[in-house]
Each structure stands twice: as C-alpha cells, then as structure tokens.
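> Sequence below, structure please.
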Amino acid sequence: MFQLIIPETEYYDEENSLFINTKGYTFKVEHSLVSISKWEAKWGKPFLGKDPQTSEETIDYIRCMTITQNVNPEAYDNLTDVNIQEISEYIKHPMSATWFSKDTQTGAGSSKEIITSEIIYYWMITYTIPFECQKWHLNRLLTLIRVCDKKNAPNKKMSNSEIMSKNRTLNAERRAKAQSKG
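From the prediction side, this is the model:
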C-alpha cells in the first residue's frame, strides 16, 4: 500500500487574471490484481501489454488503485509529475526478498502470451493461491506464482556429459578424502 500525498498548490489563471488555490489530498493506493482487473474491464486492453499508456489511462489506473473511500474526483486532476513518478516507482518495486537467477524462465509467464488479469487469476487457481492474495502488491503475487511454478516443475534431466563431469568431481573428492589413487 502506498500513501499518495497531493500538495496544495497555487497557480495563476492568465485567462481570468486570478490566483487559484487547489486543495491538498491524501489517500491510499494499492497496485494489485484487483486494480488491474478494474482497469482492464474499463479500457479493454491488457495492463501489462507492450503498448504504452496514455496520460488519461495512467490517471484512470491511479483511480482504480485507490483504496481510500470517497476520494474527491478533483484530486486526480491535481496529480503532480512527482506524484506520477512516486507511483511509478511504487509499481516497479519488487515487494519481496525472493530473487531468481538469470536462467531461462519456464512455466507461468514464460511464453510470449499476453498476460491479462484473467491469466493471473488462472495461475492463482492452478497453484491454489487464496483469492485474498489478489489484493497484494502485484509484483509480490507474481513472485509467489513464479515460486510455485519453480517448485512444481519437474527436475531438469542432466545430459550424459553433465553426469560424467559430476561423477568425475565426486570421484576426485572421494579419492582425496580417502587419500587413495583410485
């Protein structure tokens, strides 16, 4: 969860020759599967797709992320560039201490398929991940799905050369330990 603070601001309206003060707002947002589902239902395109989002789509996603009740709609009009940057950094944060090696990814999310909220819900069902997790930060949920995928994957078979190399190493260690020549 991230607390968004939109500061009070003052700007000059040149058309009416007036100084205008805008109200400050504070509310909480969560980058979650629920937020993505709401956004995809409205826009009819994958949130995690390759196409960049427009400014209007980005601000609407912030609306979808909002978990504070009854936020004044005018608050979204007063978002600053700093607010957008903070939200972007929050969305990118891994939210987990788990990391993966750079090996090729298998299973969930490995293909070039377009990932939508329904695909992520499918993965949750496949790995019997409770639906309460749909409210987690999305990156944490995707990490859990990837861990489930790795733990459920069959062990990778070693090639004959890998087996022979491993056996040579084991034999050398055993000979050294037993102080034997063979």
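> what sits against the residue sitting nearest the centre point of the chain?
The centroid of the chain falls nearest to residue 139 when counting by Cα atoms, centre = their mean (2.8 Å). With contact set as Cβ atoms under 8 Å, 6 or more residues apart in numbering, residue 139 has these partners: 31, 91-96. Using the backbone N, CA and C atoms, a C-beta is placed for each residue, glycine as well.
> among these, which are in strands?
Taking DSSP state E as the definition of strands, the contacts of residue 139 contribute nothing to them.
> Can you tell me which of those residues end up in helices?
With helices identified by DSSP state H, the entries of these that belong to them are 91-92.
> Any quick PyMOL command for the buried ones out of the contacts of residue 139?
Here is the PyMOL selection string for the buried members of the contacts of residue 139, based on 16 or more other Cβ atoms under 10 Å:
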select buried, resi 31+91+95+96
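> Now tabulate the contacts of residue 139 in JSON lines and tack on distance to residue 7 and pLDDT.
Supplementary listing: the contacts of residue 139 in JSON lines, determined by distance: Cβ to Cβ, whole Å; pLDDT from 0 to 100:
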{"residue": "31", "distance to residue 7": "22", "pLDDT": "97"}
{"residue": "91", "distance to residue 7": "21", "pLDDT": "96"}
{"residue": "92", "distance to residue 7": "23", "pLDDT": "95"}
{"residue": "93", "distance to residue 7": "22", "pLDDT": "94"}
{"residue": "94", "distance to residue 7": "28", "pLDDT": "91"}
{"residue": "95", "distance to residue 7": "26", "pLDDT": "92"}
{"residue": "96", "distance to residue 7": "31", "pLDDT": "89"}
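> Serialize the contacts of residue 139 to TSV and add fields for distance to residue 128.
Formatted as TSV, the entries for those read as follows, by distance: Cβ to Cβ, whole Å:
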residue	distance to residue 128
31	23
91	27
92	28
93	26
94	23
95	21
96	19
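> can you give me the strands in the protein?
Assigned by DSSP E, the chain shows strands spanning 2-6, 9-13, 18-22, 25-29.
> I'm done for today, thanks for sticking with me.
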